[in-house]
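Trainee: need a structure here:
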Amino acid sequence: MTMRPDHRELVGETVRLTATTPADAPELFAAMDDPRVWEVNPSVAAGRPRDAEEYARELIWDPAVKVQYTIRGLAGGAVVGTTSIMDIDLHNEKAHIGSTMLSPSTWGTRVNPEVKYLLLRHVFEDCGFGRIKIQTDANNERSQAAIAKLGAVREGVIRRDLRRHDGTFRDTVVFSILRSEWPAVREGIRARLAPAAGTRHEG
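Mentor: Residues are numbered from 1 along each chain as shown. Here you go, the predicted structure:
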């Protein structure tokens, strides 16, 4: 039986995921107060939030809509980003991991693959989902490469899918991982993370 993801704490070697609350807004805003984070993010119609209050209003979601997490460095405890499990469909055993935004200080580090590993392990092993979707802007080649490196299968492109904050429409590249593929994906991510297991993100 498939269960809705809960807000249990998810802890890895270098990061900790906790339920996002409005109190996290100042730290989240500070961590992602960089124009590069917002270039291809359609979550806010006006683009980059002007302050923590706007961030809280626009980007902290009702738990009934998204299971949203704040990502913290395990050693220092500093906020480095956010991610969510959404589009939850228990009947069809599927969900979407997305709305992942990370401080540029973490780009190219083990933070993103470890975050995805913790989320995927939770949805497949704890919750019993059969299919997880991960998607990104067709213009975001860095994100596409990161998703493919996880072992996700590229399914195709949804054309003119979402409006960007500049008014243009993005094509969305869709990837997925099935429950039957998870054991191989899990081992692949573990192998990637193993060489850096002793390196913690101080945050």
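
Trainee: just the pLDDT for T82.
Mentor: Note on T82: pLDDT of 96.

Trainee: what packs against the helix or strand it falls within?
Mentor: Assigned by DSSP states H and E, T82 falls within strand 79-89. Here strand 79-89 is seen to pack against helix 25-31, strand 67-73, strand 94-102, helix 111-121 when contacts are counted using 3 or more Cβ pairs under 8 Å, 6 or more residues apart in numbering; DSSP states H and E. Every residue, glycine included, has its C-beta placed from N, CA and C.

Trainee: I'd like the ones you listed written out as TSV, with mean pLDDT, mean neighbour count and distance to V173 added.
Mentor: Compiled in TSV, the helices and strands packed on strand 79-89 are given as follows (pLDDT from 0 to 100; neighbours: other Cβ atoms under 10 Å; distance: least, Cβ to Cβ, whole Å):
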stretch	mean pLDDT	mean neighbour count	distance to V173
helix 25-31	95	20	25
strand 67-73	97	24	23
strand 94-102	95	20	12
helix 111-121	98	22	16
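
Trainee: which residues in the protein form strands?
Mentor: Taking DSSP state E as the test, the strands found in the chain are 10-11, 15-19, 67-73, 79-89, 94-102, 131-137, 153-163, 169-178.

Trainee: contacting residues for the closest residue to G130 other than its chain neighbours?
Mentor: With Cβ to Cβ, 6 or more residues apart in numbering as the measure, E93 is the residue that lies nearest to G130, at 3.7 Å, once sequence neighbours are left out. Residues near E93 by Cβ atoms under 8 Å, 6 or more residues apart in numbering: T2, G128, F129, G130, R131, R179.

Trainee: make a PyMOL selection of the buried ones in these.
Mentor: Applying 16 or more other Cβ atoms under 10 Å to the contacts of E93, the buried members can be selected in PyMOL as follows:
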select buried, resi 2+129+131
